[in-house]
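Enquirer: predicted structure and sequence below. I'll ask about it afterward.
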Amino acid sequence: MGKRLTLTTRDGKYLSVYEAKPQEQVRGGLVILQEIFGLNSHIRSVCDRFAEQGWHVLSPALFDAAEPDVELAYTAQGIARGRALKDQVDGRAETDIADVLNLTDPEMSCGVIGYCWGGSLAWRMACRAPVSSERSIDAAVCYYGGELPALSSMTPTCPVMTHFGKKDASIPLDGVEKFISAQPEVISHLYDADHGFNCDQRGQFSAEHANLARQRTDSFLNKYIGR
């Protein structure tokens, strides 16, 4: 369904962007933010599924600023490589995402959804004060973003929904509870699941919890950016 675009960022870097469009009328824009495994087949399939529901979807290959065409396996080696690449590009990721947001139709509402590292980035974008050349976002969804407990004092500028797993050892439950307590306006959901429960290519995948989170996400998007 999708195709690749090439975006020139504000500092002259080239960024690959996966674009998926609906066959029928466009309801709004979505920017999907990757895990630490790159813009891989799983993230592209997530984009395609959202496009089937009427969203114009864009997903940037955020590692391109350090190394192009990265797609990592869900293994210990993939995790280590992904973390190293994340450390190289994390400081510029918000401005790269802002450049991608500028590709969306300014006449339509736009949301951001992120998974893993992308979940943290979605929160940061929801709390980001855009400069005049950047478009703001109208809603954000954060799946198991590891940085959220440490960033719980930030203030979002749009409605936010979060999804966390109670069995996620990478995000201790007391940190999640701290975030939920500090952000009563954020719609937060806890599942009896592990990190990465939405990804059907990982051993931690839980179809039950992924489907429930997706239903909640769909309702949230319909409320805040649907048309």
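Expert: Good, I have the coordinates.
Enquirer: in what helix or strand does Asp87 lie?
Expert: For Asp87, the host element (DSSP states H and E) is helix 76-101.
Enquirer: list the buried residues of that helix.
Expert: Going by neighbour count (16 or more other Cβ atoms under 10 Å), the buried part of helix 76-101 is 78-79, 81-82, 85-86, 89, 92-93, 96-101. (C-beta placed from N, C-alpha, C; glycine too.)
Enquirer: where along the protein do the helices fall?
Expert: Listed in chain order, the helices of the chain (DSSP state H) span 41-52, 76-101, 117-127, 173-182, 207-224.
Enquirer: where does pLDDT dip in this structure?
Expert: Low-confidence segments of the chain (pLDDT under 70): 1, 132-133, 227.
Enquirer: how close does the most centrally placed residue in the chain sit to Pro60?
Expert: With distances taken as Cα atoms, centre = their mean, the residue of the chain nearest its centroid is Gly114 (1.3 Å). For Gly114, the distance to Pro60 (Cβ to Cβ, to the nearest Å) stands at 11 Å.
Enquirer: need the residues touching each of these two.
Expert: Leu33, Gln34 (Cβ atoms under 8 Å, 6 or more residues apart in numbering).
Enquirer: touching, the residue nearest to the centre of the chain and Leu30? I think so.
Expert: No - here Gly114 does not reach Leu30: they are 10.9 Å apart, not a contact under Cβ atoms under 8 Å.
Enquirer: shared neighbours, these two?
Expert: Contacts common to Gly114 and Leu30, judged by Cβ under 8 Å, 6+ apart, are absent.
Enquirer: against Arg92, how distant is Arg10?
Expert: For Arg10 relative to Arg92 (Cβ to Cβ), the value is 10 Å.
Enquirer: what sits in contact with each of these two?
Expert: With contacts defined as Cβ under 8 Å, 6+ apart, no residue is shared by Arg10 and Arg92.
Enquirer: picking up where we left off before, give the contact list for the residue nearest to the centre of the chain.
Expert: Here Gly114 is in contact with Ile32, Leu33, Gln34, Ser120, Leu121, Ala122, Trp123, Ala140, Val141, Cys142, Tyr143, Gly145 (Cβ under 8 Å, 6+ apart).
Enquirer: can I get those residues in a markdown table with distance to Gly54 and neighbour count?
Expert: Shown next, in a markdown table, are these (distance: Cβ to Cβ, whole Å; neighbours: other Cβ atoms under 10 Å):
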| residue | distance to Gly54 | neighbour count |
| --- | --- | --- |
| Ile32 | 15 | 26 |
| Leu33 | 20 | 30 |
| Gln34 | 22 | 29 |
| Ser120 | 27 | 23 |
| Leu121 | 24 | 28 |
| Ala122 | 20 | 30 |
| Trp123 | 25 | 27 |
| Ala140 | 19 | 29 |
| Val141 | 16 | 28 |
| Cys142 | 22 | 30 |
| Tyr143 | 21 | 27 |
| Gly145 | 26 | 25 |
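Enquirer: for the residues you listed, which one is nearest Gln201?
Expert: Checking those against Gln201 by Cβ to Cβ gives Gln34 as the nearest, at 13.1 Å.
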